[in-house]
Structures are given as structure tokens and as C-alpha cells.
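**Student:** this one's structure only:
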């Protein structure tokens with residue numbers, strides 16, 4: 001379900017209740033309810049977000065219009081804004097504002113392994129696989145993808161997420177506005 005707005009304290013209270021069916025969203029394209037209108041709802045009027053059959057959410061990360069959900073099976077789906085390829089779907093079309101964008105129609109991001117951690121920056125996403133690899137995609141203008149190319153990855157057909165050399169096996173990743 002989506003909360004269009006919640007304070008950090010409210011979010012933390014709900015997350016600590018271990019409610020994996022809840023997704024907390026703040027931007028209109030992130031709502032994933034099939035329309036482009038901004039929503040201001042009470043907690044009693046939450047909207048379900050369909051990420052597909054058998055996709056049980058373990059965790060959600062979001063920032064500036066993009067959301068990613070990590071499943072209990074290590075699968076990853078991202079939706080919302082996509083102008084820099086931050087959804088890693090080989091195009092720059094946003095997902096979540098149209099009724100057919102989500103559910104089973106929203107592809108899982110294939111990183112070649114299970115995902116154990118994910119971080120969403122302003123216009124980029126990085127994930128850690130169960131093999132200890134850090135993979136990043138989206139806007140790379142400030143070097144936040146770790147590929148030294150300062151270009152975006154994920155918005156064109158055939159784009160593959162960058163594998164970042166972190167000097168060993170990673171277990172966690174964090175992202176900010178323009179850094180990872």
C-alpha cells in the first residue's frame with residue numbers, strides 16, 4: 001500500500017511493525033496506482049501497489065521520484081521516474097502512472113544473482129548481490145555509478161548495470177543525491 005506522505009518518525013514506526021505489505025511513497029509517479037494525479041490521502045485510504053503475483057516485499061527504498069522494492073526472494077523491481085534510466089529497463093519511460101505499468105508487467109531487474117541490498121539516489125540506483133557485487137545504473141554525471149565514465153546507464157536497449165570494483169565483497173550500499 002502507498003502512503004503519499006509520511007514523516008520519518010511515522011515511517012519508522014510503521015516499518016518497525018514489520019508490515020511487508022506496506023510501501024511508502026511520496027511522489028505522484030511513485031504511487032503505482034495507475035494515474036498521474038497527485039494524491040493526498042489519510043492512512044485509512046491507502047492504495048494498494050501491485051508488484052505482481054508472488055512478489056512479497058521485504059524492503060522498499062525511494063528518492064526523488066523513483067522507488068525500488070526488494071522481494072523476500074532477492075528479486076528487485078523499480079518504478080517511478082526514469083529519465084536517466086534509473087529503472088534499468090532499457091528505456092526512459094516512467095512506470096507507475098499507467099494502469100498497465102506495474103504488476104507482472106513490470107519486469108524484475110536482472111543482475112545475474114539475488115539482490116541483498118538496494119539504495120536509491122536522486123537519479124540512480126545501486127544494488128548488492130548475494131555474490132558481493134555492487135551494480136549501479138541511472139544517472140552517472142557525478143561519477144555516482146562508479147564507472148568513471150560520468151554517463152548514464154540503463155536508459156537504452158542493451159544497457160547493463162555497471163559492476164563497481166569496491167575491492168572486495170560488499171554486503172550493503174547507500175546512496176545520496178549524487179553519490180554512492
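**Tutor:** Right, received. Where do you want to start? Everything numeric here is computed off the predicted structure, so don't read it as measured data. Numbers count the residues shown, from 1 in each chain.
**Student:** hey, what's the residue nearest the centre of the chain bridged with?
**Tutor:** Nearest to the mean C-alpha position of the chain, by Cα atoms, centre = their mean, lies residue 68 at 1.9 Å. Beta-bridge partners of residue 68, counted by DSSP bridges, are residue 61, residue 78.
**Student:** which residues touch residue 86?
**Tutor:** 66, 78, 120, 123-125, 137-139, 154 (Cβ atoms under 8 Å, 6 or more residues apart in numbering). C-betas here are computed from N, CA, C, even on glycine.
**Student:** need the per-residue pLDDT for it.
**Tutor:** We note a pLDDT of 95 for residue 86 in this prediction.
**Student:** the residue lying closest to it once chain neighbours are set aside pairs with what?
**Tutor:** Distances taken as Cβ to Cβ, 6 or more residues apart in numbering put residue 138 closest to residue 86, at 3.4 Å, once the chain neighbours are dropped. Beta-bridge pairing for residue 138 (DSSP bridges): residue 124, residue 153.
**Student:** thought the residue nearest to the centre of the chain was touching residue 57?
**Tutor:** No - using Cβ atoms under 8 Å, residue 68 makes no contact with residue 57, being 10.5 Å away.
**Student:** any idea how far residue 77 is from residue 69?
**Tutor:** To residue 77, residue 69 is 5 Å away according to Cβ to Cβ, to the nearest Å.
**Student:** need the residues touching each of these two.
**Tutor:** 51, 55.
**Student:** re the thing from before, from residue 106, how far out is the residue nearest to residue 86?
**Tutor:** Distance of residue 138 to residue 106, given as Cβ to Cβ: 17 Å.
**Student:** what sits against the closest residue to residue 166 other than its chain neighbours?
**Tutor:** In space, residue 166 comes closest to residue 134 once its chain neighbours are excluded; the distance is 5.5 Å by Cβ to Cβ, 6+ apart. Going by Cβ under 8 Å, 6+ apart, residue 134 touches 126-128, 146, 163-164, 166, 170, 173.
**Student:** any idea of the pLDDT on residue 134?
**Tutor:** For residue 134, the pLDDT comes out at 96.
**Student:** where does this structure have low pLDDT?
**Tutor:** Scanning the chain for pLDDT under 70 picks out the ranges 1-48.
**Student:** show me where it has helices.
**Tutor:** Under the criterion DSSP state H, the chain carries helices at the ranges 8-16.
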